[in-house]
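In: sequence below, structure please.
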Amino acid sequence: MSAAVFAPWQRRIYDQAKASIDAGRLGHGLLFCGPAQLGKRAVAERLAHGLLCRDRDAAGEPCGRCRSCLLLAAGTHPDYQLVSFVPNKEGTKLRTEIVIDQIRSLSERLSLTPQYGGAQIAIIDPADAINNAACNALLKTLEEPVQGRYLWLVSSYPARLPATIRSRCQRLEFRLPQADESLAWLKTQGHSEASAREAFDAARGHPGLAHEWLSGDGLKLRREVAADLSKLARGDVSAPEVAQRWVGDEHASLRLRHASDIALAQAASGLTDPARARSLATWFDRANRTRDLLRTTVRADLAVVELLMAWRADEARRAAGGSRA
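Out: Residues are numbered from 1 along each chain as shown. Model (predicted):
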């Protein structure tokens, strides 16, 4: 991604890191951290591009024409590597963690002399997916920095990384921008003010998520989830029926995110009823735990049925309490 098309919050981090590079203050290990969908990896890749370019312009930006730039564009630069999820042994799907063999291979490459005489850069994304054995191997590489070698970690959940790894990295922290800046940026992406506001509020102030939902079916999905929860509360549909639809495609995790957010919003708006607010807050936590279970071998439909039955039971108790009152 060109720095010219960065969002304002990306540009601030990029300029900060680039100034550190120019001043020779950039450390061997960097941790690009903060909420997902804020463009952390795009900033890391642009910085890597600048370090590897052999003919930067007057502003220190990559030229886009030298051999290094052309190799980067083709994905074949020998001094740059991206470590992420790879296919499993059967080749049927991607792994859900980064394993020790990947980190050992990375360490071996970083120990070599750069082929183009400049820097050598490795980016790990998502770094919080590195398993325990791989973390131990990574720590050794971080503890033995070599001039001109850079190891950059990208993570939306830095707390999942061992403290020993976090402590050996400089942090470049991405934060949610102010509402006015976020809404202005969403409008520059072609979204109307009304839809930008709706999506921004639904995403709890996250412009990256809002843009993703506006560009796809995220908001439509949210409305469908809200309708399903209302029908379930009234007894118009059954929990198994809704669960089968929710886990029937690749959007199961997003549906659960929307469901938990809807519960949280209702809890915040119902603070005059403390029991109701507590019940919704408990269900919010339960929905997020169920979302985490989707990444395990637990049967997704059964986990979601159990969650939705709890929603129906809570709503039935509330309705019964209200009618007695």
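In: how close does residue 309 get to residue 290?
Out: 12 Å (Cβ to Cβ, to the nearest Å). Every residue, glycine included, has its C-beta placed from N, CA and C.
In: next, count neighbours for residue 63.
Out: Each residue near residue 63 was counted by other Cβ atoms under 10 Å, and the total is 14.
In: could you check which helix or strand contains it?
Out: Assigned by DSSP states H and E, residue 63 belongs to neither a helix nor a strand.
In: use 668 as the first number for this chain going forward.
Out: In the new count, where the first residue is 668, that last one comes out as residue 730.
In: just give the nearest non-adjacent residue to it, would you?
Out: Of all residues beyond its chain neighbours, the one nearest residue 730 is residue 722 (4.5 Å), with distances taken as Cβ to Cβ, 6 or more residues apart in numbering.
In: quick check: that neighbour is in a strand.
Out: No. Residue assignment for residue 722, taken from DSSP: H, G, I helix; E, B strand; the rest coil, gives coil, which places it outside any strand.
In: pretty sure it sits against residue 733.
Out: Yes. A contact is recorded between residue 722 and residue 733 when judged using Cβ atoms under 8 Å, the distance being 4.5 Å.
In: so between those two, which is more surrounded?
Out: The residue with the greater number of neighbours, taking residue 722 and residue 733 and applying other Cβ under 10 Å, is residue 733; the counts read 16 against 12.
In: ok, now which ones touch the more buried one?
Out: Residue 733 makes contact with 720-722, according to Cβ atoms under 8 Å, 6 or more residues apart in numbering.
In: repeat that for residue 987.
Out: Counted by Cβ under 8 Å, 6+ apart, residue 987 has zero contacts.
In: host element of it?
Out: helix 967-991.
In: what helix or strand does the residue lying closest to residue 860 once chain neighbours are set aside sit in?
Out: Counting by Cβ to Cβ, 6+ apart, residue 854 is the residue found nearest to residue 860 once chain neighbours are left out, at 6.3 Å. Under the assignment given by DSSP H and E, the secondary-structure element containing residue 854 is helix 846-855.
In: now that helix: average pLDDT?
Out: The average of the pLDDT scores along helix 846-855 is 97.
In: again with stretch 950-964
Out: Averaged across stretch 950-964, pLDDT comes to 90.
In: strand partners (parallel or antiparallel) of the longest strand seen in the chain?
Out: Using DSSP state E to assign secondary structure, the strand with the most residues in the chain is strand 816-822. Strand 816-822 has the following sheet partners, assigned by DSSP bridges: strand 696-700 (parallel), strand 787-791 (parallel).
In: between the ones you listed, which gets nearest to residue 809?
Out: Shortest separation from residue 809 across the strands paired with strand 816-822 is recorded for strand 696-700, at 5.0 Å, computed as Cβ to Cβ.
In: what does that closest one contact?
Out: 680, 684, 707-708, 710-711, 794, 809, 812, 817-823, 825, 828, 833, 835-841.
In: now it - C-alpha only, CSV.
Out: Output in CSV follows, covering the C-alpha atoms of strand 696-700 (Å, rounded to 0.1, in the frame of the first residue of the first chain):
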residue,chain,number,x,y,z
GLY,A,696,12.4,-6.2,17.1
LEU,A,697,9.2,-4.2,16.5
LEU,A,698,5.7,-5.0,17.8
PHE,A,699,2.9,-3.5,15.7
CYS,A,700,-0.1,-3.9,18.0
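In: and the next helix or strand after that strand, how far out from the chain's middle?
Out: In the C-terminal direction, the helix or strand that comes right after strand 696-700 (DSSP H and E) is helix 707-719. Using Cα atoms, centre = their mean, to the nearest Å, the distance from the centre of helix 707-719 to the centre of the chain it belongs to is 17 Å.
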